[in-house]
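Colleague: Take a look and give me a structure for this.
(2 chains)
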Protein chains: 2
Amino acid sequence: MSSEILVKQKTIDLRKKHIGPSCKIFFSHDPIKIVRAKGQYMYDEKGLRYLDCINNVAHVGHCHPDVVKAGAQQMELLNTNSRFLHDNLVLYAQRLQATLPHKLSVCYFVNSGSEANDLALRLAWQYTGHKDIITLENAYHGHVSSLIDISPYKFHQSDAEHNQSVHVAPSPDVYRGKYRADHPDPASAYADEVKDMIHGVHGKGGKIAAFIAESLQSCGGQVIPPVGYFQQVAQHVRKAGGIFIADEVQVGFGRVGTHFWAFQLQGEDFVPDIVTMGKPIGNGHPMSCVVTTKEVAEAFFSSGTQYFNTFGGNPVSCAIGMAVLDVIVKEDLQGNALRVGRYLTDLLEKQKEKHPLVGDIRGRGLFAGMELVKDRLKLTPATAEAQEVIYRLKEQHILLSADGPHRNVLKFKPPMCFTTEDADLVVEKIDHILTELEQALGLKMHNALGVENESSKRKLPTDENGHQCHSGLAHDTGSSRGFPQQTKRLRT
Amino acid sequence: MSSEILVKQKTIDLRKKHIGPSCKIFFSHDPIKIVRAKGQYMYDEKGLRYLDCINNVAHVGHCHPDVVKAGAQQMELLNTNSRFLHDNLVLYAQRLQATLPHKLSVCYFVNSGSEANDLALRLAWQYTGHKDIITLENAYHGHVSSLIDISPYKFHQSDAEHNQSVHVAPSPDVYRGKYRADHPDPASAYADEVKDMIHGVHGKGGKIAAFIAESLQSCGGQVIPPVGYFQQVAQHVRKAGGIFIADEVQVGFGRVGTHFWAFQLQGEDFVPDIVTMGKPIGNGHPMSCVVTTKEVAEAFFSSGTQYFNTFGGNPVSCAIGMAVLDVIVKEDLQGNALRVGRYLTDLLEKQKEKHPLVGDIRGRGLFAGMELVKDRLKLTPATAEAQEVIYRLKEQHILLSADGPHRNVLKFKPPMCFTTEDADLVVEKIDHILTELEQALGLKMHNALGVENESSKRKLPTDENGHQCHSGLAHDTGSSRGFPQQTKRLRT
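Modeller: Numbering: from 1, shown residues only, chains lettered A, B, ... in the order given. Below you'll find the predicted structure:
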């Protein structure tokens, strides 16, 4: 397959003609054509190199040779469904199990995070016999219809009827949420919200099947729940006969550095009833997994309904999955995530000391967020500024995205082979961009606390403001970004 | 990846420990371990060759070198999401579009037939603003929760609450259904059932979003709807403001021989509003597609909800999809399906003349069914006999399955490189098995019409009787199959 066949404009034209317009592209007014990638770098049709700070799917690095080889070799030999015995299936399940607490021992292999989360709901409904689901504010769990129902990030985008069995608890965001860092016990306070919600559901005759949350909220704005929150929530939910589903689709497989799974950040004493996996699991190969307890698996079995997934757990997917696990160990990528992640977070913290636009830095390993605000007391989201940052970074061949409910959180989730030099480069560029933006906006560090200025009164871009998970990358042209001329002039 | 790492019993033990018990295996009391496959043949750990009459996913033949090469080469170069421009995505969309009626021009690439059908429902709901779905008796459309709701094949397996917005129309089965081959106009009669159902829905305040059907029912028992049925249904459904979804997950890509898509068997004047694809599209690679009209795509877009699928439409999947299309053309597999399919159907028809157990032969190309009955007038399903046939075929290293609501339809859906010699082999074996079975049961051709005999009073196996799509392959041991001693003795 040649790396470029069509001239770029022809690619764009054909895309407009044949690809659903709901499938948005990054930087839609000047999209990037990527033809190859390696490690943490992507290359466009002219050979220009982009530093990739966002593709958490290419977990062990784009096109890792070990993963490619494992996939290619198995494709030559056999690729069929899991109704035949195959060693790859069981060995891979065993390998995954070994990364998890002992009681999470039964796997279901599927093709995507969405399929995984949908199956998790089916397991919860069947095991508990209950129907109601508690989800978090700003959560995103996937694109199939059952998951749109539990994804406020999505269902708030449309006028569709809200599913009455779905209940939205406050996001445990200690920066911008209901209970903040100055609260004596935000973990309990947020968990009590869930407890109260359960009582409310009971009051209306409902019954809780499950609480579902990403172990760290990603689209929701790189939110790191306070330690102890999951334990207390699990206690309330289990008391009500429900179970706890930890969605690790975005954040699992060593990304957080200190642990292999992000839910483990809550402490050794916390074990979910179901863990769902996705994106990084196959380094881009379409695969994912649901792991649960023997009890939940047996309850699902006892319903009499068999579960068959045509592609899930095929020998190629399992070979690729095992190769990914091997590379994580062989190259100590979890260790790298810890080291480089800390280095990156430290660099970002220094930016916070320097730039009034930086409201908060939060991160675990190579999962980090920089929240931009126009006012550090009022926390006024600096949405347009965040878009401007990522747009200018793109011009300098660095790929970063902005997300969260206000699309003002710069998200770092690069391939796990990201280096300290890469971190230096992106933070240096951000430093320059923030400096220019703040100059243009007349923002200075001494007036950053509580001082309202002209920037907060600007009209924000409305059409392509990233109202979509992963669409945080700026989509708009300079002319539609709604930026003051003062800022625009700075762009050369 | 070595072809066998564990001894078979260890594989079985690990599978019991780590794979959800709802994921059934073929021939569970003596499962097959397959370590490699090529063309229409699969090989177990001892090197024994099995003729594969069932794997419609390995469409152009297991491990086709052109497909493997295309996948491996692209995996080395780039595998990322469709938010970047890539030629593979648009070229593949263009290639798929060229196989379809002109108005079906907009593609959404996803990872499985289930994701495709779920998205089709979302498109229909959004486009029409309506909620009610009409599905067919015995239909199976996938494993995510929204599709269990529209799959009587599945939801009849459990006690789960039936979704009140889903309405089940009679299967247009002219052999066993409500209107049969002797009816003057079964197409209109079955379509009128849908019309009446629409009136009923309207009477209760409902509004039809879509009618969904496989173009030929597969799990439902290899059912071939009478020509003209889809046109009339589409007319009734569109009049009610709904749309027509043709599910080609099992039957598309040239399998029916005369046409590339099975819905085209209904005639040039029939064009669905949405076509969903799956299984064969990537020869086993996890991928699928939804194709629809510009109008439907624009309505979905106008909702404001973006659609992002992490793996869908990635450069590797598209490279593989194009390679599959290339092989179909290069090796004239559609022509082969027509020729070998006719040859196979003719052979099977001769079996019908010879064997009282054979009630009906139906097929289009390499999609064929042989329905076994114990009584040709009463159509008493010969369920246990069908299981016996596939079990004995397995002992002779031929893989066939039984499906349909009574699990009495032998299903042929082999890789498209299946030959006349393969057809000769499997039919010869079936001939021998049926002869032995009929001798044991005291069934003769002259008493086959309307004569009830002891076999129809037998207790059928209940535990592993294939109550699952694709589980039609016999799962049971000889001792649990509930077969009369007379028959059992014949097995040596």
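Colleague: Neighbours of residue A:238, how many?
Modeller: 14 (other C-beta atoms under 10 Å in any protein chain shown). The way it works is simple: take the backbone N, C-alpha and C, and place the C-beta from them, glycine included.
Colleague: Show me the contact partners of the helix or strand in which it is found.
Modeller: Here residue A:238, judged by DSSP states H and E, is contained in helix A:229-239. For helix A:229-239, the external contacting residues (C-beta atoms under 8 Å, 6 or more residues apart in numbering or on different chains) are A:134, A:172, A:186-188, A:190-192, A:194-195, A:198, A:208, A:210-211, A:213, A:215, A:243-244, A:246, A:263, A:266-267, A:269-270, A:272.
Colleague: Buried only: go through those residues for me.
Modeller: Buried subset of the contacts of helix A:229-239 (neighbour count, 16 or more other C-beta atoms under 10 Å in any protein chain shown): A:134, A:172, A:186-188, A:190-191, A:194-195, A:198, A:208, A:210-211, A:213, A:215, A:243-244, A:246, A:263, A:266, A:270, A:272.
Colleague: Domain-wise, how is chain A divided?
Modeller: For chain A, automatic domain parsing gives the domain ranges A:8-60+A:333-490, A:65-330.
Colleague: Among the ones you listed, pick out the one with the most neighbours on average.
Modeller: Ranked by mean neighbour count under mean count of other C-beta atoms under 10 Å in any protein chain shown, these are led by domain A:65-330, which reaches a mean of 22.
Colleague: how far does it stretch from start to finish?
Modeller: Start-to-end span of domain A:65-330 (C-alpha to C-alpha, to the nearest Å) is 13 Å.
Colleague: now do stretch A:290-297
Modeller: 11 Å.
Colleague: can you give me how far that stretch is from the chain middle?
Modeller: 24 Å (C-alpha atoms, centre = their mean, to the nearest Å).
Colleague: How about it and chain B, touching?
Modeller: Yes: applying C-beta under 8 Å from any C-beta of the partner chain, one finds stretch A:290-297 in contact with chain B at A:292, A:297.
Colleague: thinking again about what came up before, which members of the buried ones among the contacts of helix A:229-239 are positioned in helices?
Modeller: A:186, A:187, A:188, A:190, A:191, A:194, A:195, A:198 (DSSP state H).
Colleague: So for the fourth one, what's the pLDDT?
Modeller: If I follow you right, that is residue A:190. Looking at residue A:190, its pLDDT stands at 98.
Colleague: One more: residue A:305?
Modeller: Residue A:305 carries a pLDDT score of 87 in this model.
Colleague: Low-confidence bits of chain A, can you list those?
Modeller: Applying pLDDT under 70 to chain A flags residues A:1-3, A:157-160, A:446-492.
Colleague: which stretches of the stretch 351-492 of chain A form helices?
Modeller: Using DSSP state H, counting those that start in this stretch, the helices assigned to the stretch 351-492 of chain A run over residues A:383-395, A:420-441, A:485-490.
Colleague: quick check: angle from the first one to helix A:420-441?
Modeller: Meaning helix A:383-395. Following axes from the mean of the first three to the mean of the last three C-alpha atoms, to 10 degrees, one obtains 130 degrees for the angle between helix A:383-395 and helix A:420-441.
Colleague: How far off centre is helix A:383-395?
Modeller: Chain-centre distance of helix A:383-395: 19 Å, with C-alpha atoms, centre = their mean.
Colleague: could you pull out the helices for the stretch 51-200 of chain A?
Modeller: For the stretch 51-200 of chain A, the helices defined by DSSP H, counting those that start in this stretch cover A:65-77, A:87-98, A:113-128, A:145-148, A:152-155, A:186-203.
Colleague: And for the stretch 201-350 of chain A?
Modeller: Here the stretch 201-350 of chain A has its helices, by DSSP H, counting those that start in this stretch, at A:229-239, A:294-302, A:315-330, A:333-354.
Colleague: can you dump the C-alpha coordinates of the first one into PDB?
Modeller: This file holds the C-alpha atoms of helix A:229-239, laid out as PDB (Å, rounded to 0.1, in the frame of the first residue of the first chain):
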ATOM      1  CA  TYR A 229     -14.200   7.600  46.700                       C
ATOM      2  CA  PHE A 230     -14.500   4.400  44.800                       C
ATOM      3  CA  GLN A 231     -14.400   2.300  48.000                       C
ATOM      4  CA  GLN A 232     -17.200   4.300  49.600                       C
ATOM      5  CA  VAL A 233     -19.300   4.300  46.400                       C
ATOM      6  CA  ALA A 234     -18.800   0.600  46.000                       C
ATOM      7  CA  GLN A 235     -20.000   0.100  49.600                       C
ATOM      8  CA  HIS A 236     -23.200   2.100  49.000                       C
ATOM      9  CA  VAL A 237     -23.900   0.500  45.600                       C
ATOM     10  CA  ARG A 238     -23.300  -3.100  46.800                       C
ATOM     11  CA  LYS A 239     -25.500  -2.400  49.800                       C
END
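Colleague: any idea how far that helix is from the chain center?
Modeller: Remark: helix A:229-239 is offset 23 Å from the chain centroid, using C-alpha atoms, centre = their mean.
Colleague: now do the third one
Modeller: On the basis of C-alpha atoms, centre = their mean, helix A:315-330 is displaced by 21 Å from the centre of the chain it belongs to.
Colleague: Please apply the same query to the last one.
Modeller: Relative to the mean C-alpha coordinate of its chain, helix A:333-354 is positioned 18 Å out (C-alpha atoms, centre = their mean).
Colleague: Can you spell out which helices and strands pack onto that helix?
Modeller: Secondary-structure packing of helix A:333-354 (3 or more C-beta pairs under 8 Å, 6 or more residues apart in numbering or on different chains; DSSP states H and E): strand A:358-364, strand A:367-372, helix A:420-441.
Colleague: mind checking which of these is nearest residue A:68?
Modeller: Closest to residue A:68 of the helices and strands packed on helix A:333-354 is helix A:420-441 (C-beta to C-beta; 22.2 Å).
Colleague: Which elements pack onto the closest one?
Modeller: With contacts taken as 3+ C-beta pairs under 8 Å, 6+ apart, helix A:420-441 sits against strand A:49-52, helix A:333-354, helix A:383-395, strand A:398-399, helix A:485-490.
Colleague: Repeat the analysis, applying 6 Å as the threshold.
Modeller: If you count contacts as 3 or more C-beta pairs under 6 Å, 6 or more residues apart in numbering or on different chains; DSSP states H and E, helix A:420-441 packs onto helix A:333-354, helix A:383-395, helix A:485-490.
Colleague: For it, C-alpha coordinates in PDB please.
Modeller: Presented in PDB, the C-alpha positions along helix A:420-441 are these (Å, rounded to 0.1, in the frame of the first residue of the first chain):
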ATOM      1  CA  THR A 420      11.500  13.900  28.700                       C
ATOM      2  CA  GLU A 421      12.700  15.600  25.600                       C
ATOM      3  CA  ASP A 422       9.300  15.300  24.100                       C
ATOM      4  CA  ALA A 423       7.900  16.800  27.300                       C
ATOM      5  CA  ASP A 424      10.400  19.600  27.200                       C
ATOM      6  CA  LEU A 425       9.500  20.400  23.600                       C
ATOM      7  CA  VAL A 426       5.700  20.500  24.000                       C
ATOM      8  CA  VAL A 427       5.800  22.500  27.300                       C
ATOM      9  CA  GLU A 428       8.300  25.000  25.800                       C
ATOM     10  CA  LYS A 429       5.900  25.600  22.900                       C
ATOM     11  CA  ILE A 430       3.000  25.900  25.300                       C
ATOM     12  CA  ASP A 431       5.000  28.400  27.400                       C
ATOM     13  CA  HIS A 432       5.500  30.600  24.300                       C
ATOM     14  CA  ILE A 433       1.900  30.400  23.200                       C
ATOM     15  CA  LEU A 434       0.600  31.200  26.600                       C
ATOM     16  CA  THR A 435       3.000  34.100  26.900                       C
ATOM     17  CA  GLU A 436       1.800  35.600  23.600                       C
ATOM     18  CA  LEU A 437      -1.900  35.000  24.500                       C
ATOM     19  CA  GLU A 438      -1.600  36.600  27.900                       C
ATOM     20  CA  GLN A 439       0.200  39.600  26.400                       C
ATOM     21  CA  ALA A 440      -2.500  40.000  23.800                       C
ATOM     22  CA  LEU A 441      -5.200  39.700  26.400                       C
END
